[in-house]
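1. need a 3D model of the following:
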Amino acid sequence: MSYLLYTDKPNKFNCNIQIEGTSLAKSKVRLVIETDEMSYMFNGAIENTGVCEVIIPKTKHFLPEGTKGNMRLEVIADDVYFEPWSSDFGVKTNKKVNVVVSEQEEEKPRLTVEVFQQEEPIIEEPKVKVVENHKPKVVELPKKKIVESVIKKPEMMIIKTKSGQKLQITKEYYLLKIN
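-> Below you'll find the predicted structure:
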């Protein structure tokens, strides 16, 4: 089993060391991390009880996720070098966020249609005044059956004759002339 290092949180290497023939206070400890490309060395501390601790910072800046290699503990006691522990290691990220973007849907324009009901054709037509924006006109229609259809809108009426002519009049004017 390989030792696991994290890219996004500090790594703390702990172990117990027993040294015979010399004092723990005079001993030094370091952790060496080796990859095919680089080697990194981290100094540690040994307490009087023999507990050894080496702090390895977040590795995201020097060992990216997926990196593999070998690590070893080196102890130097009274100028004598010892390598009491070694292991393979791997690097992974502790916390991950995955985002899955769903396809963006375009909103299609909506079409609204309002249909006005067509009235029955008027058989006889009284005199009609055509109202335009600038010049009011009075048009007299013969009293024959020449009106094909009448379309009522909220403020205007459109009268279409059989000859294709369209006349616009206000409802107030139409009601005034009929009454």
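
2. quick check: next helix or strand after the longest strand along the chain?
-> Longest strand in the chain by number of residues (criterion: DSSP state E): strand 80-92. Note on strand 80-92: by DSSP states H and E, the next helix or strand toward the C-terminus is strand 118-119.

3. any low-confidence regions in this protein?
-> 111-113, 120-157, 169-179 (pLDDT under 70).

4. can you do 80?
-> Along the chain, the parts satisfying pLDDT under 80 run over 1, 96, 104-179.

5. so where do the helices sit in the chain?
-> 171-178 (DSSP state H).

6. and the strands in it, which stretches?
-> So, for the chain - with DSSP E - the strands run 3-6, 11-16, 28-34, 39-43, 45-46, 51-56, 68-77, 80-92, 118-119, 128-130, 137-139, 147-152, 156-161, 166-170.

7. closest to residue 62 out of those?
-> With C-beta to C-beta as the criterion, residue 62 lies closest to strand 39-43 of those, at 6.6 Å. C-betas here are computed from N, CA, C, even on glycine.

8. any idea how far that closest one is from the middle of the chain?
-> Between the centre of strand 39-43 and the centre of its chain there are 41 Å (C-alpha atoms, centre = their mean, to the nearest Å).

9. mind listing what's buried along it?
-> Neighbour-count burial for strand 39-43, with 16 or more other C-beta atoms under 10 Å as criterion, is recorded at residue 42.

10. circling back: dump the strands of the chain to TSV, plus distance to residue 108.
-> Shown next, in TSV, are the strands of the chain (distance: least, C-beta to C-beta, whole Å):
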stretch	distance to residue 108
strand 3-6	48
strand 11-16	53
strand 28-34	57
strand 39-43	57
strand 45-46	68
strand 51-56	56
strand 68-77	52
strand 80-92	45
strand 118-119	31
strand 128-130	41
strand 137-139	44
strand 147-152	30
strand 156-161	32
strand 166-170	34
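
11. list just the one of those that sits closest to residue 103.
-> Here strand 80-92 is closest among the strands of the chain (C-beta to C-beta), at 31.0 Å.

12. strand partners (parallel or antiparallel) of that closest one?
-> Using DSSP bridges, strand 80-92 pairs in its sheet with strand 3-6 (parallel), strand 68-77 (antiparallel).

13. got the angle for the last one vs strand 11-16?
-> Using axes from the mean of the first three to the mean of the last three C-alpha atoms, to 10 degrees, the inter-axis angle of strand 68-77 relative to strand 11-16 is 50 degrees.

14. pull out the buried positions in strand 68-77.
-> Neighbour counts over strand 68-77 (16+ other C-beta under 10 Å) mark 69-71, 73-75, 77 as buried.

15. quick revisit: possible to save the strands paired with strand 80-92 as JSON lines with distance to residue 19?
-> Below are the strands paired with strand 80-92 laid out as JSON lines (distance: least, C-beta to C-beta, whole Å):
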{"stretch": "strand 3-6", "distance to residue 19": "23"}
{"stretch": "strand 68-77", "distance to residue 19": "5"}
